[in-house]
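Novice: What shape does this take:
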Amino acid sequence: KPSVRARTFEGYQNIVRRHLIPGLGRMPLRALTPMHIQSYYSDKAKSGLANQTIVHHHRLLFQALKHAHNARQIEFNPAGAVRPPKVEREEIVVLTRNELLILLSTLTGRRMHTMVLLAACTGMRRSEVLGLRWSDVDLETGHLTVNQQLEQTKEHGLRFEPPKTRSSRRRITLPQTVIDALRRWRVKQNEEHLRLGVGHDDKRLVFTRRDGEAYSPKAITRRFDKIIRKIDITRITFHGLRHTHLTHLLRDNVNVKVVSARAGHSSVAITLDVYGHLIEGMEATAADAVEDWFASRER
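Specialist: Numbers count the residues shown, from 1 in each chain. Modelled structure (predicted):
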């Protein structure tokens with residue numbers, strides 16, 4: 001528990017209590033074989049559990065049995081001899097530029113407009129957007145810094161955490177449209193807080209409810225989903241705004257290293273793994289560029 005985040009730990013607890021214990025818990029540890037584990041995975045697949053979820057079960061079980069092996073409780077790790085189901089890469093769903101403009105136009109004058117605009121124009125994660133403070137934003141230089149994120153767990157409720165990795169703590173340059181929107185939003189928020197008797201504090205969150213309190217990440221997800229259902233555009237999640245931002249940067253031939261840094265990925269390899277197919281689709285432009293070398297010589 002001390003080595004992982006509270007939200008991650010809750011996810012592990014859920015897998016163990018709802019699945020692994022009922023499925024394998026009565027089996028003596030030393031009697032557990034790869035066939036038992038393979039049978040467990042097959043049963044979960046037949047019950048309708050997604051392959052990606054079964055892979056999560058496999059990773060957790062593998063680590064638990066690895067710990068048992070290191071503690072000399074078993075002679076080998078039976079999960080290491082089992083191949084989890086293959087996971088097909090899910091297609092990333094994004095908005096076209098026109099659809100993004102339609103979404104933002106629909107939200108004009110509504111409370112979520114600036115929040116959605118910021119997510120779509122920076123690629124920030126939901127937790128990072130909700131954890132952003134005014135002290136993290138410099139509207140004069142047009143930058144913000146991701147210094148914390150807002151998480152929600154059953155045990156602790158809402159609480160702020162530092163970014164997961166060093167690369168997640170990053171500086172992001174803001175386009176002028178976002179700077180102007182943030183300035184307008186700050187004026188409106190100050191007016192709300194003045195009516196509530198709340199003083200101006202740079203440490204306060206950029207996005208708060210009308211009562212000045214932090215938004216629940218789950219509430220934002222539900223509210224965004226409700227809005228997107230009513231608009232005749234591609235159905236995406238709030239996280240889809242991040243995908244939309246990064247996808248269009250790559251399609252606009254922004255250097256992948258720059259895109260990776262903006263995303264807060266720990267390496268370019270992660271960016272390429274998730275979005276690499278977009279670059280492959282533009283590979284033909286490389287051949288055109290080379291051909292231009294010779295065409296210019298002939299001219």
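
Novice: Need the pLDDT of L117.
Specialist: Turning to L117, the model gives it a pLDDT of 97.

Novice: what's the burial count for the closest residue to T208 other than its chain neighbours?
Specialist: Nearest residue to T208, sequence neighbours excluded (Cβ to Cβ, 6 or more residues apart in numbering): A214, at 6.4 Å. Every C-beta, even on glycine, is put in place using the N, C-alpha and C of the backbone. A214 is flanked by 17 other residues according to other Cβ atoms under 10 Å.

Novice: A214 and Q148, how far apart?
Specialist: From A214 across to Q148, the span is 11 Å (Cβ to Cβ, to the nearest Å).

Novice: give the contact list for V137.
Specialist: Shown in contact with V137 (Cβ atoms under 8 Å, 6 or more residues apart in numbering): 143-144, 182, 206.

Novice: Same list, those, but as JSON lines with neighbour count please.
Specialist: Converted to JSON lines, the contacts of V137 look like this (neighbours: other Cβ atoms under 10 Å):
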{"residue": "H143", "neighbour count": "14"}
{"residue": "L144", "neighbour count": "26"}
{"residue": "L182", "neighbour count": "21"}
{"residue": "V206", "neighbour count": "21"}
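
Novice: Which one of those is nearest to L95?
Specialist: L182 (21.3 Å; Cβ to Cβ).

Novice: so that closest one makes contact with Q189?
Specialist: No: with contact taken as Cβ atoms under 8 Å, L182 and Q189 are classed as non-touching, separated by 10.0 Å.

Novice: list the residues that contact both of those two?
Specialist: Contacts common to L182 and Q189, judged by Cβ under 8 Å, 6+ apart, are V206.

Novice: Would you mind measuring from the residue nearest to T208 to L150?
Specialist: On the measure of Cβ to Cβ, A214 and L150 end up 6 Å apart.

Novice: shared neighbours, these two?
Specialist: If you check A214 and L150 against Cβ under 8 Å, 6+ apart, the residues they both contact are 130, 158.

Novice: Check which helices and strands the host helix or strand of S105 sits against.
Specialist: Using DSSP states H and E, S105 maps to helix 97-107. Under the contact definition 3 or more Cβ pairs under 8 Å, 6 or more residues apart in numbering; DSSP states H and E, helix 97-107 sits against helix 113-122, helix 217-229.

Novice: what do you get if the cut-off is 7 Å, keeping everything else the same?
Specialist: In terms of contacts (3 or more Cβ pairs under 7 Å, 6 or more residues apart in numbering; DSSP states H and E), helix 97-107 is packed against helix 113-122.

Novice: Need the residues that contact the helix it packs on.
Specialist: 100, 103-104, 107, 124, 129, 172, 175, 178, 181-182, 185, 207, 238, 241-242, 244-245 (Cβ atoms under 7 Å, 6 or more residues apart in numbering).

Novice: Tell me which helix or strand comes right after it.
Specialist: helix 126-131.

Novice: Average pLDDT for that next one, rounded please.
Specialist: 96.

Novice: other SSEs contacting it?
Specialist: helix 113-122, strand 149-153, helix 217-229.

Novice: 10 Å instead, please
Specialist: helix 113-122, strand 149-153, strand 157-161, helix 217-229, helix 239-251 (3 or more Cβ pairs under 10 Å, 6 or more residues apart in numbering; DSSP states H and E).

Novice: Low-confidence ranges, the stretch 51-200 of the chain, go.
Specialist: Within the stretch 51-200 of the chain, the stretches with pLDDT under 70 are 199-200.

Novice: wait, what's in contact with the residue positioned nearest the centre of the chain?
Specialist: The structure's the chain has its C-alpha centroid closest to R125; by Cα atoms, centre = their mean the separation is 5.1 Å. Residues in contact with R125 (Cβ atoms under 10 Å, 6 or more residues apart in numbering) are 119, 131, 146, 149, 163-164, 168, 217, 238-239, 241-242, 263-264.

Novice: For V268, the count of nearby residues, please.
Specialist: V268: 15 neighbours (other Cβ under 10 Å).
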